[in-house]
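In: no letters, just coordinates:
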């Protein structure tokens with residue numbers, strides 16, 4: 001069962017947001033209803049490309065399988081197709097859109113596990129500069145990409 005925040009917890013959270021001492025951590029729920037979940041993509045790929053084991057909802061494992069079967073760029077190219085399909089982009093003008101809400105906050109750092117650039121786009125639309133850092137889950141080294 002999910003724990004709900006008490007009134008005092010909300011006060012602390014709002015105080016930290018106002019002082020910039022809070023780091024939002026976005027997961028797939030930030031794109032709920034817009035993009036498919038990683039598990040759904042994995043299952044679709046597993047069926048399409050004859051993934052041989054039962055962990056067919058694990059996107060990392062299915063993507064690794066595809067990288068070995070085809071080439072290292074194949075899963076990235078497939079994800080790009082999903083993101084480009086039907087122009088799937090949030091309406092950043094919607095005041096309730098999660099990325100836009102977060103981008104309007106006075107915060108210096110945002111973290112995401114998502115495979116889209118929606119947080120970057122929301123920050124850009126809000127006139128904020130940013131730097132993206134991509135850390136690979138398969139090695140100890142990180143790749144840095146700068147966007148401004």
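Out: Yes, it's here. What you are looking at is a predicted structure, and each value in this text was computed from that prediction instead of being measured.

In: work out the gap between the longest helix belonging to the chain and the centre of the chain.
Out: Longest helix of the chain, by residue count under DSSP state H: helix 7-19. Distance of helix 7-19 from its chain centroid, counting by CA atoms, centre = their mean, to the nearest Å, is 24 Å.

In: touching the helix or strand following it from outside, list them.
Out: As assigned by DSSP states H and E, the chain's next helix or strand after helix 7-19 is strand 25-26. Identification of contacts with strand 25-26 by CB atoms under 8 Å, 6 or more residues apart in numbering yields 98, 99, 102, 110, 111, 112, 113, 114, 119. (Each C-beta comes from the backbone N, C-alpha and C, glycine too.)

In: who touches the helix or strand just after strand 25-26?
Out: Moving toward the C-terminus from strand 25-26, the first helix or strand encountered (DSSP H and E) is helix 38-48. For helix 38-48, the surrounding residues in contact (CB under 8 Å, 6+ apart) are 28, 36, 51, 56-59, 61-63, 66, 78-79, 82, 115.

In: shouldn't residue 133 be within a strand?
Out: Yes - the assignment for residue 133 (DSSP: H, G, I helix; E, B strand; the rest coil) places it in a strand.

In: any idea how far residue 82 is from residue 106?
Out: To residue 106, residue 82 is 33 Å away according to CB to CB, to the nearest Å.

In: more neighbours, the two?
Out: residue 82 (17 against 10; other CB atoms under 10 Å).

In: hmm, residue 34 and the more buried one touching each other?
Out: No - Residue 82 is beyond contact range of residue 34, at 11.3 Å (criterion: CB atoms under 8 Å).
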